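Student: model this:
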Amino acid sequence: QVQLVESGGGLVQAGDSLRLSCAASGRTFSRYATGWFRQAPGKEREFVAAISRSSWSGSTTYYADSVKGRFTISRDGAKNTVYLQMSSLKPEDTAVYYCATGPLAGRGALEYDYWGQGTQVTVSS
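Tutor: Residues are numbered from 1 along each chain as shown. Prediction:
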């Protein structure tokens, strides 16, 4: 059974940084794509970032325009963990952040077959 556990969320001030972690069991992260999504109150879940499965040439990363240049997704194969490094946080980044894993690094939630329970990130102004 595949399980994903997010951690690292919290309350920070605008301009601060935060690193989210997504640890997997039951699936080797490097063989699958991993994505981060977020959902703010009253809004739909939206794509944040994704990293493709590892290949001989490495992995490809994708970002939503709203976080490009501020967020970085990465993977530690030895720890079977994917990270989302968030910098220059803004109040509009406040949301529950979810990680998900699937065969391809897509921007749609339906492209992922396993999800974590989410971690709250709150950015105060």
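Student: please count neighbours and contacts with C-alpha atoms only from this point.
Tutor: Will do.
Student: please name the bridge partners of Thr101.
Tutor: In this entry, Thr101 is beta-bridged to Thr34, Tyr114, by DSSP bridges.
Student: can you tell me which helices and strands whichever strand or helix holds Thr122 packs against?
Tutor: Assigned by DSSP states H and E, Thr122 falls within strand 119-124. Secondary-structure packing of strand 119-124 (3 or more CA pairs under 8 Å, 6 or more residues apart in numbering; DSSP states H and E): strand 10-13, strand 95-102.
Student: can you list the strands that the shortest one pairs with?
Tutor: Partners of strand 10-13 in the sheet, by DSSP bridges, are strand 119-124 (parallel).
Student: dump the partner strand to PDB, keeping only the CA atoms.
Tutor: The C-alpha coordinates for strand 119-124 follow below in PDB (Å, rounded to 0.1, in the frame of the first residue of the first chain):
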ATOM      1  CA  THR A 119       0.000  20.100   5.500                       C
ATOM      2  CA  GLN A 120      -1.200  23.600   6.300                       C
ATOM      3  CA  VAL A 121       0.900  26.600   5.300                       C
ATOM      4  CA  THR A 122      -0.200  30.000   6.600                       C
ATOM      5  CA  VAL A 123       1.600  33.200   5.600                       C
ATOM      6  CA  SER A 124       0.700  36.300   7.600                       C
END
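Student: could you give the average pLDDT over that strand?
Tutor: Strand 119-124 shows a mean pLDDT of 98.
Student: my read: Leu18 touches Arg70, true?
Tutor: No. Counting by CA atoms under 8 Å, Leu18 stays clear of Arg70, with 10.9 Å between them.
Student: so which of these two has more stuff around it?
Tutor: More crowded of Leu18 and Arg70, by other CA atoms under 10 Å: Leu18, with 18 against 14.
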